[in-house]
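Enquirer: Output the structure for:
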Amino acid sequence: MMRATTIRLTMAQALLRYLDQQYIRIDGQETKFVRGVMGIFGHGNVTGIGEALERENTELMFIQGKNEQGMVHAATAFAKQRNRREIYACTTSIGPGALNMVTAAATATVNRIPVLLLPGDNFASRHPDPVLQQLEVVSDYNISATDAFKSVSKYWDRIVRPEQLMTALEQAMRILTDPAETGAVTLALPQDVQAEAYDYPKSFFERRVHVVDRRPPAKEALIRAVELIKGKQKPLIIAGGGVLYASAEKDLIGFAEAFGIPVAETQAGKSALPWNHPLYVGAIGVTGSLAANKLAKEADLIIGIGTRYSDFTTASKSAFANQDVQILNININGFDAVKLNGHNLVCDAKEGLQVLTSALKEAHYQATDQKARIQSLKEDWDREVDRLYAAEHSEGLAQTNALGVINAWIDPTSIIICAAGSLPGDLHRLWRAVHPKTYHMEYGFSCMGYEVSGAFGAALAEPDKEVYAFVGDGSYLLLHSELLTSLQEGQKITILLFNNHGYQCIHNLQREQGSDGFGNEFRYRNPIDGKLSGDFIALDFVKHAQSLGAAAYRATTAEELKSALELARKELISTLIEISVVPGTNTAGYESWWNVGVPEVSTSNKVVKAHERMKQTIDGLKSR
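Expert: Predicted coordinates for the structure are as follows:
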């Protein structure tokens, strides 16, 4: 009697069995690729994927999310912290449940982080149309809420027949495991099709290993890169996130030391070098250090390694002022490698640095000796950081002082998470990272609300380390729900909530461009003038965290902050510290510029003058 070569399963059951058998191999090390599924159930997934998760005998862990956007942020942070070698999938119901994931999908895609999204969708059969929460587009009835994911996904598909799952998952895994193309992958799953059965080939559920080969640079491209570097005397390296994802930290250090090249860093690349390395010059661009920004202006060659060159990295393309400057981009992604009209070396960062180091040594290349210049700039910047870390303010605790206390106090192997507000700028400039992967900043999308969710995801990824979420009161109010999930899962995180009474980062930017300040502080409406100009709203974040079951403390001085940090470290559960800081005590400037667009016409003379300053800067850049 012949053995059956197929097995009858629902589409949802087949999906989970397939995901449970996916592995990834890099440098000979094999890892289970899909750790589990995060989800919030509703109609559209509870009787499909929900039933399959309940009944199927897989190793996939299910984590109950509290907000659809938040759980995708957590999944993204998990994958980022694991260097994109492990992921969680995320499932939701149709309609608002699905659409709540769109912002987080964009966050993952912009940052080149893999996440698998499985939103429920309208009935493919259309028998009960319109179902609850169904979006009806009368001009095209094939469109549903999940079409919104198309612009924010690296791969999108809708499974309207159960057998379509097989080809869709092959393409999904191709994108998710490709370091050059990865991002959010969305498979829209109609409510009825999830429960429909099909005779799937048993071979579809066999163990699959996705081998990620490190891509070497092309021979001719390597020759061109060597010739370019040989003709330059003052190169500057900009280390991006690709250095960390490729585990190329040691290779970067070896390359820089071999040729005496200073290293600046992007938000995603920070911690690739320890802050006290003699060639480390700090953050680059709008949120950069004075040392890095001065060297960027002088450099005749920028070597970007694994960076996507945002406007913050390039200071809106004003950072590189040398008339003879050229760009060399070492990047696994061809799209990023050609940016800024750069010479491109499309390859894995680790592989590229190794072969480039060897080739330049053979060519006996050495940059101009900048040791004294680098040391002088670095010492000046270190003194500036010391000054800001010790800064006192007559009205209370300065934000930079609070950061100094935290940086000095916490274990240097701890992971810090941040994403939005004034904190990313201060952390990028001032934070002294010692170990790789301890600085986790989402600044590709700078998505408010990532911080608490991301801390939970990072704690899942590295449960043996302390994880600290740096978050402003604005971002915390926007999205803090996965604090509850961290308590539910027993994954401790510590939330450092900087309370400055509003969106002070944008408030500062607003006033710098001529505004008197409008709509960015958390104030009561003034009954006299009808504006939001009354007293600050009194919020008690300590009681709020405690109401969810977390431990919580309050700090208004440096000494109270030290005490709170000590108490928080002893806690076994997630903890929040509300830190009251004086608005406007963050950092800014350091010979950088950000083009934000200022109105040419305004009733305010201050705004018109700000526009004129902006135009002068832009005209100056055009004349280079």
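Enquirer: Without its sequence neighbours, what residue ends up closest to the spatially most central residue of the chain?
Expert: In the chain, the residue lying closest to the centroid (C-alpha atoms, centre = their mean) is residue 442, at 2.5 Å. The shortest distance from residue 442 to any residue other than its chain neighbours is 4.2 Å, reached at residue 419 (C-beta to C-beta, 6 or more residues apart in numbering). Yep, even glycine has a C-beta here, placed from its N, CA and C like the rest.
Enquirer: The one you found and residue 448 touch, don't they?
Expert: Yes. The pair residue 419 / residue 448 is scored as a contact, 6.9 Å apart, by C-beta atoms under 8 Å.
Enquirer: what ranges do the strands span in the stretch 51-200 of the chain?
Expert: Assigned by DSSP state E, counting those that start in this stretch, the strands in the stretch 51-200 of the chain fall at 61-64, 87-92, 115-121, 155-158, 184-190, 197-201.
Enquirer: With distance to residue 348 and mean pLDDT added, can I get these in a markdown table?
Expert: Formatted as a markdown table, these follow (distance: least, C-beta to C-beta, whole Å; pLDDT from 0 to 100):
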| stretch | distance to residue 348 | mean pLDDT |
| --- | --- | --- |
| strand 61-64 | 30 | 98 |
| strand 87-92 | 20 | 98 |
| strand 115-121 | 22 | 98 |
| strand 155-158 | 22 | 98 |
| strand 184-190 | 22 | 98 |
| strand 197-201 | 34 | 98 |
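Enquirer: sorry, back to before: against residue 32, how distant is the residue nearest to the centre of the chain?
Expert: Note on residue 442: its distance to residue 32, by C-beta to C-beta, to the nearest Å, is 25 Å.
Enquirer: cool, residue 134 as well?
Expert: For residue 134, the distance to residue 32 - C-beta to C-beta - is 36 Å.
Enquirer: same question, residue 114
Expert: 14 Å.
Enquirer: of these two, who's got more company?
Expert: residue 114 (31 against 15; other C-beta atoms under 10 Å).
Enquirer: Quick check: the more buried one touching residue 181?
Expert: No. Using C-beta under 8 Å, residue 114 is not in contact with residue 181; the gap is 9.7 Å.
Enquirer: Can you report how many residues neighbour residue 48?
Expert: Residue 48: 27 surrounding residues under other C-beta under 10 Å.
Enquirer: which residues touch it?
Expert: 10-12, 120, 189, 191, 194-195 (C-beta atoms under 8 Å, 6 or more residues apart in numbering).
Enquirer: tell me which of those residues is nearest to residue 596?
Expert: residue 120 (39.1 Å; C-beta to C-beta).
Enquirer: Next up, the contacts around the spatially closest residue to that closest one that is not a sequence neighbour.
Expert: Counting by C-beta to C-beta, 6+ apart, residue 120 lies nearest to residue 44, which is 2.7 Å off, once chain neighbours are set aside. For residue 44, the residues meeting the contact criterion (C-beta under 8 Å, 6+ apart) are 92-95, 97-98, 119-121, 133, 191.
Enquirer: okay, those residues in a markdown table with distance to residue 512 and neighbour count next?
Expert: Output for the contacts of residue 44, formatted as a markdown table (distance: C-beta to C-beta, whole Å; neighbours: other C-beta atoms under 10 Å):
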| residue | distance to residue 512 | neighbour count |
| --- | --- | --- |
| 92 | 40 | 29 |
| 93 | 43 | 24 |
| 94 | 44 | 28 |
| 95 | 41 | 23 |
| 97 | 40 | 22 |
| 98 | 39 | 30 |
| 119 | 40 | 30 |
| 120 | 45 | 29 |
| 121 | 45 | 28 |
| 133 | 43 | 18 |
| 191 | 50 | 23 |
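Enquirer: Now the buried members of the contacts of residue 48.
Expert: By neighbour count, with 16 or more other C-beta atoms under 10 Å, the contacts of residue 48 hold 10-12, 120, 189, 191, 194-195 as buried.
Enquirer: Tell me which two in the residues you listed are the farthest apart.
Expert: Every pair of these checked by C-beta to C-beta; the farthest is 10 and 120, at 14.0 Å.
Enquirer: any chance you could map the strands in the stretch 401-550 of the chain?
Expert: 415-418, 439-441, 467-472, 494-499.
Enquirer: Strand partners (parallel or antiparallel) of the first one?
Expert: Paired with strand 415-418 in the same sheet, following DSSP bridges, are strand 439-441 (parallel), strand 467-472 (parallel).
Enquirer: where does residue 220 land in three-state SS?
Expert: Put simply, residue 220 is helix when judged by DSSP: H, G, I helix; E, B strand; the rest coil.
Enquirer: so what pLDDT did it get?
Expert: Confidence at residue 220, expressed as pLDDT, is 97.
Enquirer: Then the one 5 residues further on?
Expert: Turning to residue 225, the model gives it a pLDDT of 97.
Enquirer: Could you name every residue contacting both of residue 114 and residue 181?
Expert: residue 175.
Enquirer: circling back to that earlier point, quick one: the residue nearest to the centre of the chain and residue 450 touch, right?
Expert: Yes. Between residue 442 and residue 450 a contact is recorded at 4.7 Å, counting by C-beta under 8 Å.
Enquirer: Overlap in contacts, those two.
Expert: Going by C-beta under 8 Å, 6+ apart, residues that sit against residue 442 and also against residue 450 are 73, 76-77, 107, 417, 419.
Enquirer: quick one: which two of the residues you listed are the most distant?
Expert: Farthest pair in the shared contacts of residue 442 and residue 450, by C-beta to C-beta: 107 and 417, 13.2 Å.
Enquirer: what is in contact with these two at once?
Expert: Common neighbours of residue 107 and residue 417 (C-beta under 8 Å, 6+ apart) are 442, 450.
Enquirer: Take the strands of the stretch 51-200 of the chain and write them to a markdown table, including distance to residue 516.
Expert: Shown next, in a markdown table, are those (distance: least, C-beta to C-beta, whole Å):
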| stretch | distance to residue 516 |
| --- | --- |
| strand 61-64 | 46 |
| strand 87-92 | 42 |
| strand 115-121 | 41 |
| strand 155-158 | 45 |
| strand 184-190 | 40 |
| strand 197-201 | 64 |
